[in-house]
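Asker: after the sequence you'll find the predicted model.
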Amino acid sequence: GSLLLAVHFYSLPRASPLIPSTALGVLLLILSSLLAYAGIRRSLRNASLFLSLCLTISVFWCGYGVVYILGGQGVLNDTGDFRNALVPGLVTFTLALLIIAVVGFLCREVILAMIASAVSLASAHEVATHYSRAFGSSAVACNYMVVCLVGGYFGLGRILYFLTKEKITLPGTDLAMKKTHEPIQPTSGGVNHFAVIGLILNMLSASVFGCRLLGVTGKLFIGQVPWLWAAGIYQIGICILSYRAMDALMATFFGFTSILKFAGGYCLLYPIWQPEEPSFPTPFPVVFSILFAVLALFLTFKSPVDGLYLLFYVAYCIALACRPKGFLEGGPQGVDVAIFVASALMALIHLYNVRASAKIPTGKGAVKALLARSSFLKLREGADLHAPYLGYSKYADAEVLGYACSVLASFAMTMTGDPQAPLTTVVIPWVVVAGGILKFLSGSVAFARGKTLESSAFILYAVMWIIWGLTRYGGLYGTTRSFHAAVGIIAFMLFNGFIVFCTLFLNIAWFLYSLTFLLIAVSFLLDAIHALPAGYDIAATLIFGLVSFYCFLSALFNSVFEGSCLPMGRPIVQLSGVGGGMTKCLHLPARKASSVKKIADILKNGGTCGIPTDTVYVLVAACNRPDAVEKAHQSKRQAQDRPMSLWISSLKQLEPAKHLISPLLWDFMEAAWPSPISLVVPRGEWVDFLGMKDSAKYVGTPQSVAIRIPDCSVTTHLIDLVGPIVVTSANPTGEADTTHHNQVYAKLGNKVDAVLCDGPSPENIASTVVDCTKIDSGNIGFFRVGIIPKSQVNLIVILLSEF
């Protein structure tokens, strides 16, 4: 990328540049996407400075490339248009990359610091060339050549590192010493590595309007939209990545700021469809300021500095509410200047605290110490801070953002708009971005966390807001389309009726939330058929908005504090099995050793659990707890028809009874295990050596017992902690095998004490059950042929007979 820009600036004094503007812009867009991919992939290793550099230059070249495409297509024709379009972005990235360079030098990341400082100087020189002819474009090209040389050196070092199998390492290119294996921690215990990029994006959008107020640029126009919308798109990406980093509060904040960026870009497009400047609906920015203030309050409990930073956006929304032309007036632009400065300082603090051993104080410890004295409020902390609804999830809960977007979208529709000029009032960004795009994001994250009903509702409402927002406030439908619009809305209402029915089994808050959305849908329907009563919009908005605001507050309380200060309520209709065991059935991720230990403790204390295996999920109990074995036996319908089997972790557990087992059977066990092969062996005195006592009557038949060593490290580790276990399939008798922890919960949720969650089973087929009761006479049979075919089992027998 730097080589392209170096060639471009060297050839700039020529009559026609060597690389056409449109071609340069397209190439920069492609390279910006590759840089974003590289940064995000590297973020999995906590390489925060590399991540910050890659994503910062990525968004820089994305906006820069689109501006060059606009210039190449003749959109920027007036004198000074190119300068007015480029300078806000160049100013932002000059400072942002300088911050990254300073932190890089302080933390001895010399290669990255040199690249950041060279691009920063190139941007500063480019700004100078736009305002003074004394500065030539060759200085810009020279800085980009430095990036080429340093990047080439780094690339060569990495290639040598891999080709020589780590024997040759050029200075500054050895990343192995810098790798950390700690997972990204939530805000209670660590730092969100993506927050720096979000703060730089806030600088970018603030720079566009701040430069106009300070006279750096001559006007606000379409040429600056690429910066705003690039910032908005990347901000949504940072929102998702912040959920991935388990930082729900900052993710919500970045979602909020993305709405402002898209709205700002939308306002600069107004000359395309109307001569007059757009006006802002007053209720929306007022409600937005309230949401920012509430979020700032809760964020202060986590990080006081971040909470104070959010107050700038409270002031920004108030300024937008006070000025009818919004972004285009001096009041909001003055706050933009303050946001630019504050965002730069916050970016420096966040980036330095991620990399340096000595931290800049942000007040986290003081708030934690203050709340420790309170008996009413206690911060939610620890390993279960972001425990998902079902099992393991890579994302924090996004319901806070989903409810907030419902509040914003509902209050945005209080402005009916002028049917003759629907685009005069700025409503589309609030409805489409907040109610549509971000709500769709919330639904997707909810689905990833196992919240199927909530995700379905969020996604349905997102589609509704997008379609209706564009239709009603974009002037896309008239009298000829009213019937078709009404039919579509009725279809949405039927879908929502199904969601309302399902929420009866969830909780009261969700029931009211989905029910009051019907009022919004009715408003859409009445407007489509031109029968909307006066004031109905406002009434529906207030009711749905207030219910959504309560859900927003409740989700915030539950994500920050222990207990339920604002409860969502109990299910209106209780179901046994599905949700019936929600309060007592633990869901623990199998990839954590602490989870396996908790399951072991539950089994030792007489509990029953659903666990993953090398085949399907099973229900288990400890052999030495007859009460637990009986409980597991009775949890299945017609259990007497399906005897339970016995699992061990190694043959060492059978060593004391080896003299009671035939040598051929012992050799067969050694050859066959660990594997998904269950061996039905003659019952004998050896069973007593496993400590089953009274529970032995539930295992196998009076003549035989099925025994196995599973080929699953989690399961065998659990058996090492507990001892031999009794096993049965995790489903009612006669039903299909259970191949996901969600199915265990759905089928046996109120009959087990915990579920060890490991997602989908590695196989959808159960184990092969081999009859070894007559193995001493050279005969084996098959009760069930599962994942291991007969031929493979027979091959083991043949090999044993040869020896």
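Answerer: Thanks, I have the structure now. Quick caveat, the model's predicted, so the values are computed rather than measured.
Asker: hey, let's count contacts and neighbours off CA atoms from now on
Answerer: Noted.
Asker: stretch 241-251: end-to-end distance?
Answerer: Distance between the two ends of stretch 241-251: 8 Å, counting by C-alpha to C-alpha, to the nearest Å.
Asker: oh, and call the first residue 4 from now on, that's how I've got it
Answerer: Done: numbering now begins at 4, and the last item shifts to stretch 244-254.
Asker: outside of stretch 206-215 itself, list whatever touches it.
Answerer: Contacts with stretch 206-215, where a contact means C-alpha atoms under 8 Å, 6 or more residues apart in numbering, come from 91-92, 94-96, 220-223, 227, 230-231, 234, 264, 330-331, 336-337, 339-340, 342-344, 346-347.
Asker: switch the cut-off to 7 Å
Answerer: Outside of stretch 206-215, the residues that reach it under the criterion C-alpha atoms under 7 Å, 6 or more residues apart in numbering are 91-92, 95, 220-223, 227, 231, 234, 264, 336-337, 339-340, 342-343, 346-347.
Asker: may I have it as CSV, with CA atoms only?
Answerer: Output of stretch 206-215 as CSV, limited to C-alpha atoms (Å, rounded to 0.1, in the frame of the first residue of the first chain):
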residue,chain,number,x,y,z
MET,A,206,-11.7,11.1,16.6
LEU,A,207,-12.3,10.7,12.9
SER,A,208,-16.0,11.5,12.9
ALA,A,209,-15.4,14.4,15.3
SER,A,210,-12.6,15.8,13.0
VAL,A,211,-15.0,16.1,10.1
PHE,A,212,-17.3,18.6,11.9
GLY,A,213,-14.6,20.1,14.1
CYS,A,214,-12.4,21.1,11.2
ARG,A,215,-15.3,23.0,9.7
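Asker: now the helices for the stretch 354-503 of the chain?
Answerer: Secondary structure of the stretch 354-503 of the chain, counting by DSSP state H, counting those that start in this stretch: helices at 367-375, 402-415, 431, 442-451, 455-476, 485-506.
Asker: and residue 252, which of those is closest to it?
Answerer: Closest to residue 252 of these is helix 402-415 (C-alpha to C-alpha; 8.3 Å).
Asker: residue contacts, residue 520?
Answerer: By C-alpha under 7 Å, 6+ apart, the neighbours of residue 520 are residue 547.
Asker: next secondary structure after the helix or strand harbouring it?
Answerer: Element membership of residue 520 [criterion: DSSP states H and E] is helix 511-531. Remark: after helix 511-531, the chain's next helix or strand is helix 539-563, criterion DSSP H and E.
Asker: show me what that following helix is packed against.
Answerer: Using 3 or more C-alpha pairs under 7 Å, 6 or more residues apart in numbering; DSSP states H and E as the contact test, the elements touching helix 539-563 are helix 402-415, helix 511-531.
Asker: what's the closest of the helices of the stretch 354-503 of the chain to residue 40?
Answerer: Residue 40 lies closest, by C-alpha to C-alpha, to one member of the helices of the stretch 354-503 of the chain: helix 442-451, at 19.6 Å.
Asker: from residue 544, how far out is the closest residue to residue 571 other than its chain neighbours?
Answerer: Counting by C-alpha to C-alpha, 6 or more residues apart in numbering, residue 571 lies nearest to residue 512, which is 5.0 Å off, once chain neighbours are set aside. Distance, residue 512 to residue 544, using C-alpha to C-alpha: 17 Å.
Asker: quick one: which of the two has more around it?
Answerer: Set side by side, residue 512 and residue 544 show unequal neighbour counts under other C-alpha atoms under 10 Å, the larger going to residue 544 at 26 against 21.
Asker: low-confidence ranges, the stretch 304-453 of the chain, go.
Answerer: Within the stretch 304-453 of the chain, the stretches falling below the threshold (pLDDT under 70) are 368, 371, 374-375, 377-396, 418-425.
Asker: domains in the protein, by residue range?
Answerer: The record's domain parsing of the chain by the TED database lists 4-175, 195-375, 395-583, 589-805.
Asker: flag the shaky bits of the stretch 104-253 of the chain, pLDDT-wise.
Answerer: Counting by pLDDT under 70, the stretch 104-253 of the chain contains low-confidence residues at 178-194.
Asker: what about the strands in this structure?
Answerer: If DSSP state E is used as the criterion, the strands of the chain fall at 589-592, 612-614, 621-625, 648-650, 680-685, 707-711, 728-732, 757-760, 771-774, 784-787.
Asker: find the nearest non-adjacent residue to residue 172, please.
Answerer: residue 164 (5.4 Å).
Asker: wait, that neighbour touches residue 173, no?
Answerer: No: in this structure residue 164 lies outside contact range of residue 173 using C-alpha atoms under 7 Å: 8.0 Å.
Asker: okay, now the unreliable bits of the stretch 704-806 of the chain?
Answerer: In the stretch 704-806 of the chain (pLDDT under 70), the answer is 737, 806.
Asker: please redo it, this time with the cut-off set to 80
Answerer: Within the stretch 704-806 of the chain, the stretches falling below the threshold (pLDDT under 80) are 734-740, 745-746, 748-753, 766-768, 781, 801-806.
Asker: what segments of it are helices?
Answerer: Assignment of helices within the stretch 704-806 of the chain using DSSP H, counting those that start in this stretch yields the ranges 716-725, 744-751, 793-805.
Asker: for the last one, which positions count as buried?
Answerer: Right, the one you point to is helix 793-805. For helix 793-805, the buried set under the neighbour-count rule, 16 or more other C-alpha atoms under 10 Å, comprises 796, 800.
Asker: all set now, cheers.
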